[in-house]
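> Quick one: sequence and predicted model below, then my questions.
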Amino acid sequence: MGNKNLSLYIKLDDSAYSPGDYIQGDICLKIPSAMRVESLILQLFGVESVHWEDFSGEEKAAIATHQAKNVIIEKALTVYIWSQCLGKKGQYVFPFTIILPNSMPGSFSYEASMIKASIKYYLTATLISTPEPYSLTQEIKLIQPHIEHNSDLSVGCVSTAITGCCMLNYGVLFLRARFDKTSYATDDILGVIVDIDHAKCSINVGIIEVTLFRSMLLRSNDGSQKILKERISQKSVRARTRNSLLINEGLRIPFALANLESEIKEKCTTKGQLINCSYSAHVRTVMDSGCAGPESEVEIWTEIKPKVTKTQHPKPKKWKPVFMPAVRFAPSAPPLEN
């Protein structure tokens, strides 16, 4: 808008940030000719929103709509004020540092049939100028801080009495499962470690099945909740025989998360007021004997977070800017409710 040759963009140092981090960046401005300009404003805005519809009957008629919106943070900083409201022709860089609040949920975006849920953060630079303002908005990614209770749920153990036809007792099977890391980036190899002790069981485990799930809890303004549990990937492996020196001890079952990018990239672990998203692995054993049961099962929980990379910015041609005074911004966000 306004002067079509005027340009404004935001340059950031990283692709994603954690609450409490320092965002360091530059606002780059090119003024092609002298113009009336008052100030440069930088705004940090974060919002959480959900929307879903409930259906009934074979015709899938919508019977209720649920939605909610929660502004996580909305703060602005005056970066620069021009003397006499006159912006001179030239190229300018305005360095800034934003100290993020500690209580902010991770970025998230999910969309399916009649369900939308998102947590998004934006930086907006606005040049207050005449005849009209000129602004540019850039989305930033936040990483969910570690959720303490997930540590207690990252290991699962169960002992199962195995029986067969006519209530024949085959003994006791012990199953233990854990992740090989506390959390994973979206390009990591996620490993599920399985330990099986069937020293006190007279038959073998035939198959070990591991299924990755995403679980979501959505809340609306009217107090309604929607729970979703979606299967992301599944693997089945043959168990080692009882004659093995290591009877299924420390068996690692890997999942290449990079191959699941479309499923998880924008849907990482988060815990907000309206949206909770977690990831789990369900581990199940199938005995060699068709009539033996029940199956041993455990579910363990982990966190999947965005990959963080340094961003590269090509230098514009004939770019010889004037560096303006740096500003520091420490906005606060309201505490998250449990």
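Happy to help now that I have it.
> Mind giving me the packing neighbours of whichever strand or helix holds Gly171?
Following DSSP states H and E, the helix or strand that holds Gly171 is strand 169-179. For strand 169-179, the elements it packs on are strand 155-163, strand 189-197, strand 275-287, strand 297-305, judged by 3 or more Cβ pairs under 8 Å, 6 or more residues apart in numbering; DSSP states H and E. Quick note: C-beta positions are derived from backbone N, CA and C, even for glycine.
> With Leu8 as the reference, name the closest of the ones you listed.
Evaluated over the helices and strands packed on strand 169-179, closeness to Leu8 peaks at strand 297-305, with 31.0 Å, by Cβ to Cβ.
> Need the residues that contact the closest one.
Contact with strand 297-305 is made by 106, 143-144, 146-147, 150, 153-158, 175-179, 181-186, 190, 192, 257, 264, 268-269, 278-285, as judged by Cβ atoms under 8 Å, 6 or more residues apart in numbering.
> how about it as PDB, C-alpha atoms only?
What follows is strand 297-305, C-alpha atoms only, in PDB (Å, rounded to 0.1, in the frame of the first residue of the first chain):
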ATOM      1  CA  GLU A 297      -0.200 -54.500  26.300                       C
ATOM      2  CA  VAL A 298       1.400 -51.300  27.500                       C
ATOM      3  CA  GLU A 299       1.100 -47.700  26.300                       C
ATOM      4  CA  ILE A 300       4.000 -45.200  26.700                       C
ATOM      5  CA  TRP A 301       4.100 -41.400  26.100                       C
ATOM      6  CA  THR A 302       6.600 -39.000  24.500                       C
ATOM      7  CA  GLU A 303       7.000 -35.600  23.000                       C
ATOM      8  CA  ILE A 304       7.500 -34.600  19.400                       C
ATOM      9  CA  LYS A 305       8.900 -31.100  18.700                       C
END
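> picking up where we left off before, of the contacts of strand 297-305, buried ones?
The neighbour count (16 or more other Cβ atoms under 10 Å) marks 106, 143-144, 147, 150, 154, 156, 175-179, 183-186, 190, 192, 257, 264, 268-269, 278-285 as buried among the contacts of strand 297-305.
> Can you report how many residues lie near Arg231?
11 (other Cβ atoms under 10 Å).
> any idea which helix or strand carries it?
Using DSSP H and E, Arg231 sits in strand 225-238.
> Buried residues, that strand. List them.
Neighbour-count burial for strand 225-238, counted by 16+ other Cβ under 10 Å, picks out Lys226, Ile232, Ser233.
> And the helices in this protein?
Using DSSP state H, the helices of the chain run over 149-152, 261-264.
> Lowest average pLDDT across the ones you listed?
Ranked by mean pLDDT, the helices of the chain end with helix 149-152 in last place, scoring a mean of 62.
> So, low pLDDT: which residues of the stretch 201-338 of the chain?
Low-confidence segments of the stretch 201-338 of the chain, defined by pLDDT under 70, are located at 240-249, 289-294, 311-316, 333-338.
> Counting by contacts, list what the strand holding Arg231 packs against.
Going by 3+ Cβ pairs under 8 Å, 6+ apart, strand 225-238 lies up against strand 205-219, strand 251-256, helix 261-264.
> Buried deepest among those, which one?
Highest mean neighbour count among the helices and strands packed on strand 225-238 (mean count of other Cβ atoms under 10 Å): strand 205-219, with a mean of 19.
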